[in-house]
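Visitor: Curious how this folds, go ahead:
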Amino acid sequence: MEELRTPFKVTAGRFLRSVRIFISSEVGGAAKLLTASLVILFFAINALNVLNSFVGRNFMTAIADRHVSEFARQAIFYLAVFAGSTIVSVYARFSEERLALLWRDFLTRRAVKLYLTDGAFYRLDVSGELSHPDQRISEDIRAFTVTTLSFLLMIFSSGLTIVSFSGVLLSINPVLFAVAFLYAACGSLLTIRLGRSLIKLNYDQLDKEASFRAGLIQARENAERVMLSGSEPQMKSFLGSQLDDLIANFRVMTSVNRDVGFFTTGYNWLIQIIPALIIAPAFFRGDIEFGVITQSAAAFAMLVGAFSLIINQFKSISNFAAVVARLSTLLEAIENSQQRNRSEIQIDDTSEGLSYEKLTILSERDGSALLQELSIAIPSRARVLVTCAREEQGSALFRATAGVAYPGSGRILRPAGEGIRFLPQQPYFPSSTLRQLIAPPDAGTEVKAERISMLLAEFGLERISNAGGFQQEVEWHTFLTPKEQCLLMLASLSIAKPRVIFLEGTEAIVGWDQLFQIMTRFADDGIACVHIGSAAKRSSYDAILDLDDDGAGQWKTPYRRANGGDAQRAD
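Guide: Alright, predicted model coming up:
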């Protein structure tokens, strides 16, 4: 688990940069409009609160003086102020939630884009540097946007309250204003001293909660393997230790919250009696009306509440500080992974086809050469077989071509974006509809259901057509067999029509005869197929790349395609 290590200055800088990016984004106009609305509404709330204090004073004075007509008039004013405050407060809350939602939507989409760009998610997973980035993107961003906006509005509202009710208290008794300021200042310092450890505890608690939840997900996703292998005791022990860790940290949090609670509860109770202790003597002397006592109590409570933002919101502030630190750590980890991804192997995405220029790949395990000075160009429409003396060679070539950083040198020239597609032995399908898998939104033209059905039949996937139609979301990784997953991926590629398709050990899953038919179909469509596989059926390929044990590559083209699509030995 990573430590809470990001300096406060760096965290604060990233926070301010996040706000600036949001304001200057394409949704910045709507954000500014909602912010202006909130400012106006909070001014209105503050004005109504001040008006309410004077109406309340006159209302209580009318009761003490037994003035029935004045009592009735002030009661009407009271109801009018209550109605106005209700309407304004509800619209302020509505605008706050809409602005928080707009901000969360923007930040989450931006975080997902950064996370899924240039393989950052893969490198973070491999390095183990960052724990539970998924929770940080989903839960922490939600907490960040909602809590940040709430704090900013509370600070703004507290500022307005201090300005407004300072005048009210100064007009009643200057001593009362001084007491309110000193009382809140001392209370804030003591609260910080008692509860400062909560920031680190909240930071750790979020990770421990995520670890426990990830363990439960792991048990669900591997239910069959856990049951068949008899691993239930180990899984129970693992989840039990995760839960023990979570509970132990939470117990410490509750102890700190208890100590802070003793102080803050007593602090808030004293607020109710302090104004009366200071003002009551003046009422006894007949210097003030009875309503002034209630007004001073209300004004004192409002002012101390504004001064006591840290005290009243300390638990939320400590949790918020942990969330900001976690998001800052996420951004730092993504930036670091991008720097680490820089390899001496250059990838050029501007080529029409796939080629290698003096490509050398070294083993991450022992530094030995997996490939040495490989320089070849994959012809268009060619069916190319890559055989390897060492299993690690094929994996390295496949992943380096896909963009995974490896030590080495040279250049890989490949088509940009969807111009080259990769099919590992175990492809992954997110939960989605059949139409989204076969014809994703960026495929361009709309693909008709009839064509999808014909395509599935051609690839032997008729039963998939019955999986809830084309518009129902399905968990494909549990619904499909490994062979069906590979065939479905190949079927989708026949619509996407990339320039190059790179396959890894696909014949072991699909079967060589069916795979050869599919590669021939792709070749007829002008698509080059590079297949890392066994040396069987060599004569069926248009070209062969043999990788020796020392990493040297031998490029052979002894075969040519006949009119019927079969390969024949060249003279």
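Visitor: Give me the mean pLDDT for the lengthiest helix in the chain.
Guide: In the chain, assigned by DSSP state H, the helix with the most residues is helix 232-284. Here helix 232-284 scores 80 as its mean pLDDT.
Visitor: Tell me which helix or strand comes right after that helix.
Guide: Following helix 232-284 in sequence order, the next helix or strand is helix 290-307 (DSSP states H and E).
Visitor: roughly how far is that following helix from the heart of the chain?
Guide: 44 Å (CA atoms, centre = their mean, to the nearest Å).
Visitor: now for it, which elements pack on it?
Guide: helix 28-65, helix 141-172, helix 174-195, helix 232-284 (3 or more CB pairs under 8 Å, 6 or more residues apart in numbering; DSSP states H and E). In this view, the C-beta of every residue, glycine as well, is placed from N, C-alpha and C.
Visitor: So which bits of that helix are buried?
Guide: 291-307 (16 or more other CB atoms under 10 Å).
Visitor: just to revisit the earlier point, now the helices and strands packed on helix 290-307 in CSV, with mean neighbour count and distance to residue 366?
Guide: Listed next are the helices and strands packed on helix 290-307 as CSV, based on neighbours: other CB atoms under 10 Å; distance: least, CB to CB, whole Å:
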stretch, mean neighbour count, distance to residue 366
helix 28-65, 17, 52
helix 141-172, 18, 41
helix 174-195, 17, 52
helix 232-284, 14, 32
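Visitor: Pipe these into CSV and attach distance to residue 97 per row.
Guide: Shown next, in CSV, are these (distance: least, CB to CB, whole Å):
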stretch, distance to residue 97
helix 28-65, 10
helix 141-172, 8
helix 174-195, 28
helix 232-284, 27
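Visitor: do you know which of the ones you listed lies nearest residue 213?
Guide: helix 232-284 (9.1 Å; CB to CB).
Visitor: Which neighbouring elements make contact with that closest one?
Guide: Looks like helix 232-284 contacts helix 174-195, helix 198-221, helix 290-307, helix 309-312, helix 314-340 (3+ CB pairs under 8 Å, 6+ apart).
Visitor: Go again with 6 Å.
Guide: With contacts defined as 3 or more CB pairs under 6 Å, 6 or more residues apart in numbering; DSSP states H and E, the packing partners of helix 232-284 are helix 174-195, helix 198-221, helix 290-307.
Visitor: Can you check which of those helices gets nearest to residue 459?
Guide: Judging the helices and strands packed on helix 232-284 by CB to CB, what sits closest to residue 459 is helix 198-221, at 26.7 Å.
Visitor: Residue 246 contacts residue 212, doesn't it?
Guide: Yes - using CB atoms under 6 Å, residue 246 is in contact with residue 212, at 5.3 Å.
Visitor: And the helices and strands packed on helix 290-307: which comes nearest residue 395?
Guide: Short answer: helix 232-284, nearest of these by CB to CB, at 29.3 Å.
Visitor: The helix or strand hosting residue 79 vs helix 28-65, what angle?
Guide: For residue 79, the element it lies in under DSSP H and E is helix 68-115. Between helix 68-115 and helix 28-65, the angle comes out at 160 degrees (axes from the mean of the first three to the mean of the last three CA atoms, to 10 degrees).
Visitor: Which strands or helices does helix 68-115 pack on?
Guide: Secondary-structure packing of helix 68-115 (3+ CB pairs under 6 Å, 6+ apart): helix 28-65, helix 141-172.
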